[in-house]
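**Student:** Here is a sequence together with a model predicted from it:
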Amino acid sequence: MSEHGLPRVLVFDSGVGGLSVAACVHKKLPHASIVYLADNAAFPYGNQTESVVVERCSSLIAKALEHYPCDAIVVACNTASTVALPHVRAITAVPVVGVVPAVKPAAAQTLNQRIGLLATPATVRRPYLDELVREFASHCEVERVGHPALVQWAEDLARGVAVPQAELDSAVASLRNAGVDTVVLGCTHYPLLLDNLRLSLPEVKFWVDSGEAIARRVAWLLAQAAKPYTAAAPSDVKGEPVAAALFTGKAPEGVANYMAIVGLQPTRVVGNWPSGS
C-alpha cells in the first residue's frame, strides 16, 4: 500500500521489457502506484542458470518489499516466471502474478491457423512452451523464432537508440515466409518493438501479448483484497505513475524520458540498487 492509501504494484523484470506490462497495469489501474524493479545487472536472465535466477528474483523482490510495501507483485519476465514463481511466492504473502506466452488467445484469434511465436532463445527451448502449443494450438502451424538480438534492441530503444530495421526484417523473415496472420509476442520486451515489427510484417493481422491479461489479473486480486483500485485518487495526491524505477545495475541513460513517452513517468530513478538507494 502506498503512503496515500492507494494500491501499490511491484513490477519486476531483468530489464526494461516489463515496462510494457507496467503500462498495461497503469492503463487498467490508473490510480495505483507502481514500483518498477529491473535486475539489469544480471541481464539477460536467459543466459543465467536457474539457481541464479531464483536467488536473484527472491532476494531482490524481498528487499524491494522492505522499502516499498506492495499489494501485488508482477514477475514480468518469462524466464523468471518459469523457474522462480514458487520461490517468490514462498517468501511473501503478497499475491504474485507471472507471465506466460499468449498462445491460447493467439490460437483463438488466428484466421488461417498459422501462428508466429516470437520469443527469446531460452523461452523457445523450454518444455513448457511445447506444452502450451500442444494444449492450445495443436490445430495450428506454429513457426517459432528465438532471436538473441531482439531483447537487446528493446533495451537500446529505451536509451534512445533506433531499432536496426533491416536486421529486424531479417530476424523475422521466417514468419513472413510462413504466412502467419497472428504473432505471439512471447517476451515482455517485444511489445516495445511493436511499431518496428509491424513494419517488418505488415501482413500480420493480430499481435498478441500477455500485458492486458496480467493487468486484469492484478485488478482482480486487488478487488479480492478490497483495495480501492477503482476509486478516484484523492485531490491532494500528487506524483507520477511510477513511484520509483530501481535498477540493480547502472540506470539506462535516458530511461526516465522513455518511461514518460510510454506514460510511465517515474518520480525517481535509482541505479545500482539497493546500494544506490
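**Tutor:** Nice, I can see it. The structure displayed is predicted, hence computed values, not measured ones.
**Student:** May I ask which helix or strand of this protein has the lowest mean pLDDT?
**Tutor:** When the helices and strands of the chain are scored by mean pLDDT, DSSP states H and E, helix 121-125 comes last with a mean of 89.
**Student:** For the next helix or strand after that helix, enumerate the helices and strands it packs against.
**Tutor:** Per DSSP states H and E, the first helix or strand lying C-terminal to helix 121-125 is helix 127-136. Helices and strands touching helix 127-136, by 3 or more C-beta pairs under 8 Å, 6 or more residues apart in numbering; DSSP states H and E, are helix 103-109, strand 114-119. In short, each C-beta sits where N, CA and C put it, glycine included.
**Student:** what's the most buried one of these?
**Tutor:** Stretch with highest mean neighbour count among the helices and strands packed on helix 127-136: strand 114-119 (a mean of 25; mean count of other C-beta atoms under 10 Å).
**Student:** Quick one: the strands in this structure, in order.
**Tutor:** 8-13, 33-38, 72-75, 96-97, 114-119, 141-146, 182-185, 206-208, 242-247, 269-270 (DSSP state E).
**Student:** got those strands as CSV, with distance to residue 225 and mean pLDDT columns?
**Tutor:** Below are these laid out as CSV (distance: least, C-beta to C-beta, whole Å; pLDDT from 0 to 100):
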stretch, distance to residue 225, mean pLDDT
strand 8-13, 12, 98
strand 33-38, 15, 98
strand 72-75, 8, 98
strand 96-97, 13, 98
strand 114-119, 32, 97
strand 141-146, 37, 97
strand 182-185, 29, 98
strand 206-208, 29, 98
strand 242-247, 19, 97
strand 269-270, 28, 97
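**Student:** Now distance to residue 275 too, for the helices and strands packed on helix 127-136, in CSV please.
**Tutor:** Listed next are the helices and strands packed on helix 127-136 as CSV, based on distance: least, C-beta to C-beta, whole Å:
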stretch, distance to residue 275
helix 103-109, 39
strand 114-119, 33
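**Student:** among the ones you listed, which is nearest residue 87?
**Tutor:** Closest to residue 87 of the helices and strands packed on helix 127-136 is strand 114-119 (C-beta to C-beta; 22.4 Å).
**Student:** and residue 134, which of the helices and strands packed on helix 127-136 is closest to it?
**Tutor:** helix 103-109 (9.7 Å).
**Student:** Give the full set of residues in contact with the nearest residue to residue 267 once chain neighbours are set aside.
**Tutor:** In space, and not counting its chain neighbours, residue 267 is closest to residue 240: 4.7 Å by C-beta to C-beta, 6 or more residues apart in numbering. Residue 240 makes contacts with 264-267, as judged by C-beta atoms under 8 Å, 6 or more residues apart in numbering.
**Student:** Pull up the gap between residue 240 and residue 72, please.
**Tutor:** The gap separating residue 240 from residue 72 is 19 Å, by C-beta to C-beta, to the nearest Å.
**Student:** again with residue 202
**Tutor:** Taken as C-beta to C-beta, the span from residue 202 to residue 72 is 37 Å.
**Student:** Between these two, which is the more surrounded one?
**Tutor:** More crowded of residue 202 and residue 72, by other C-beta atoms under 10 Å: residue 72, with 25 against 8.
**Student:** Please verify my assumption that residue 123 contacts residue 187.
**Tutor:** Yes: if you go by C-beta atoms under 8 Å, residue 123 and residue 187 touch, sitting 6.6 Å apart.
**Student:** Now do residue 112: how many residues are near it, please.
**Tutor:** 12.
**Student:** From residue 181, how far off is it?
**Tutor:** From residue 112 to residue 181 the distance is 5 Å (C-beta to C-beta).
**Student:** cool, residue 52 as well?
**Tutor:** Residue 52 is 38 Å from residue 181, where distance means C-beta to C-beta.
**Student:** Looking at the two, which is more packed in?
**Tutor:** Using other C-beta under 10 Å as the criterion, residue 52 and residue 181 rank with residue 181 on top: 18 against 13.
**Student:** Looking at the more buried one now. What's its pLDDT?
**Tutor:** Per-residue pLDDT puts residue 181 at 98.
**Student:** mind listing what's buried in the longest helix that the chain contains?
**Tutor:** Ranked by residue count, the top helix of the chain under DSSP state H comes out as helix 50-67. For helix 50-67, burial by neighbour count (16 or more other C-beta atoms under 10 Å) applies to 53-54, 56-58, 60-61, 63-65.
**Student:** Nothing else from me, thank you.
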